[in-house]
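Engineer: how would this look folded up:
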Amino acid sequence: MILLALLYTVAIGKGILVPLVLAAFIGLALNPIVASAARVHVPRWLAAVVVMLMLGTGLVSGVATLSEPALNWFHQAPTAMRAFAPKIKPMTQQIEAASRATQNLVGGTVARNAPQTANGFAFTAWDIVAGAPKVLASVLTVALLVFFFLVYGDEILRRAVEISPTFSYKRHTVSIVRNIQTEVSSYLLLTAAINVTLGLVTAGMLYLYDVPDPLLWGTVATVANFIPYVGAITTTTVLAVVGALHFQELGPALLPAATFAGITAIEGNLITPMLQGRRSRLSPVAILLWLLIWGWLWGIPGALLAVPMLTCVKLITAKLRGWQWFAHIISR
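Structural biologist: The predicted model follows:
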């Protein structure tokens, strides 16, 4: 009963909890930069302002660069799908024939094909304007939370330590919290660096293959790679569709997707385990269950945040007395 109430609360509080969790992760990732500046007597608020300005400038320039090609793909989607349908018609005919044969074997009846409508979707500038206030409010909320985490995060830690009963307990608490903070920050920074590098390599590969808008698809690869397994499959599928729309022959059409599959296989099985070590390795079963739970509760934001949350839970429980068993269960 308590678990159901907790799940209901988490689902209902999505609008508040998603920005809070995202801001906490960004704050933990950026905290080492602010802490390094504070050690050379730069005020934390000033270092936080500089970091936030640099981050905001990068995001704004990225959105400005990618918005036009993304909108072009949205506008061209109905026409592109109509052009894509004949290329996969032989495959779909074989699947339909197999389906009819299967239904005949089990004595079922095959339903007549329903008339298809050619109603496309309209994606106009008004749709963007209508959704802009909500997106802008979410971005500002996350930015403010990140700023306050960077400026006042250590002060909150000091206040929490002050209520500890004895000096030895205070020292033990500070040691555990600092170790957890360092490991979580290192994991988040390293994961972000790996995903950005994967996106850049993907964009370079697509540029060499003469695929249109390589930066857009490189960004898709970067964001999707935060979701293990599902992200790689999604990006591979997207690149296969883009290749089929851009190239006429089957070989060149599938080459970008096949190359990306090889790149992400090397990244996931060799580079990431080598750089992150065993402490951040998670059981595939635990990852898939965690993805299902948080994807169900929070949708796409939950799927993107699920694995970082699970990794942080593992790193934290591995340091807490009496909770090491949980870290061992979800480890690989």
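Engineer: right, and the helix or strand after the helix or strand of the chain with the lowest mean pLDDT?
Structural biologist: Between all helices and strands in the chain, the lowest mean by mean pLDDT, DSSP states H and E belongs to helix 44-105, at a mean of 73. From helix 44-105 onward toward the C-terminus, using DSSP states H and E, the following helix or strand is helix 125-162.
Engineer: packing partners of the helix or strand just after that next one?
Structural biologist: Once the chain leaves helix 125-162, the next helix or strand it forms, by DSSP H and E, is helix 167-208. If you count contacts as 3 or more CB pairs under 8 Å, 6 or more residues apart in numbering; DSSP states H and E, helix 167-208 packs onto helix 14-39, helix 125-162, helix 214-224, helix 250-266, helix 272-276, helix 300-317. In this view, the C-beta of every residue, glycine as well, is placed from N, C-alpha and C.
Engineer: in what helix or strand does the closest residue to Leu17 other than its chain neighbours lie?
Structural biologist: Nearest non-adjacent residue to Leu17, counting by CB to CB, 6 or more residues apart in numbering: Val10, 6.5 Å away. Element membership for Val10 (DSSP H and E) is helix 2-12.
Engineer: for that helix, packing partners?
Structural biologist: Packing partners of helix 2-12 (3+ CB pairs under 8 Å, 6+ apart): helix 284-298.
Engineer: quick one: the helix it packs on to helix 14-39, angle?
Structural biologist: 120 degrees (axes from the mean of the first three to the mean of the last three CA atoms, to 10 degrees).
Engineer: what residues of helix 284-298 count as buried?
Structural biologist: Buried residues in helix 284-298, counted by 16 or more other CB atoms under 10 Å: Ala286, Ile287, Trp290, Leu291, Trp294, Gly295, Leu297, Trp298.
Engineer: give the burial count for the closest residue in space to the fifth one that isn't next to it in sequence, as a bare number.
Structural biologist: Ranked by CB to CB, 6+ apart and with sequence neighbours excluded, the top spatial neighbour of Trp294 is Gly302, at 3.6 Å. A count of nearby residues for Gly302, using other CB atoms under 10 Å, gives 23.
Engineer: ok, now Leu136?
Structural biologist: By the criterion of other CB under 10 Å, Leu136 has 10 neighbours.
Engineer: read off the pLDDT value for it.
Structural biologist: According to the prediction, Leu136 has pLDDT 78.
Engineer: residues in contact with it?
Structural biologist: By CB atoms under 8 Å, 6 or more residues apart in numbering, the contact set of Leu136 is empty.
Engineer: just for this structure, where's the confidence low?
Structural biologist: Confidence mapping of the chain against pLDDT under 70 gives the ranges 1, 76-132, 160, 164, 277-280.
Engineer: domains of it?
Structural biologist: Per the record, the chain has its domains at 11-86+133-163, 192-276, 278-332, by automatic domain parsing.
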